[in-house]
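Visitor: Please work out how this folds:
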Amino acid sequence: MNTVCLRFYAREGEQHRARLIHDYLLEQAKTFGASGATVMRASAGFGRHGWHETTFFELGGDLPVVIEIILAATLAEKMLALCAAEQLHLFYTLMPVTMGITGSGPVHESD
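Guide: Model prediction:
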């Protein structure tokens, strides 16, 4: 199986269908059968929407979040197709990965 890491970048308050975008993507990834997913909130970042960072007076609101999903390459294609169909305009990266658990070697999962 070709396993990949599909990583989406969004703003923490960004919504889709009246839900936070990261909650929506996590639910879809689980439905598709992803091996796992994580959401990480950044303390600072910049990109097409400018510069964002946490300050003492502004604790949160518009900071970047990274939604990282580990799944089969075929499922990643389906996830990206869903995003296109739902008209989500999110920056993403897609990288091949090797999964493993320390002390026990690589993890082999079937498509």
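
Visitor: From T38, how far off is L80?
Guide: Remark: distance between L80 and T38 (C-beta to C-beta, to the nearest Å) = 18 Å. To be clear about C-beta, it is placed using only N, CA and C from the backbone, and glycine gets the same treatment.

Visitor: which of these two has more neighbours?
Guide: Shown here are L80 and T38; by other C-beta atoms under 10 Å, L80 has more neighbours (16 against 12).

Visitor: how would you label that one: helix, strand or coil?
Guide: Under DSSP: H, G, I helix; E, B strand; the rest coil, the three-state class of L80 is helix.

Visitor: Check T98 too.
Guide: Applying three-state DSSP: T98 is coil.

Visitor: I'd like the average pLDDT over stretch 71-79.
Guide: Averaged across stretch 71-79, the pLDDT comes to 97.

Visitor: So what touches it?
Guide: 1-4, 6, 28-29, 32-35, 69, 94, 96, 109, 111 (C-beta atoms under 8 Å, 6 or more residues apart in numbering).

Visitor: and that stretch, which residues are buried?
Guide: For stretch 71-79, the neighbour count (16 or more other C-beta atoms under 10 Å) marks L71, A72, L75, A76, M79 as buried.
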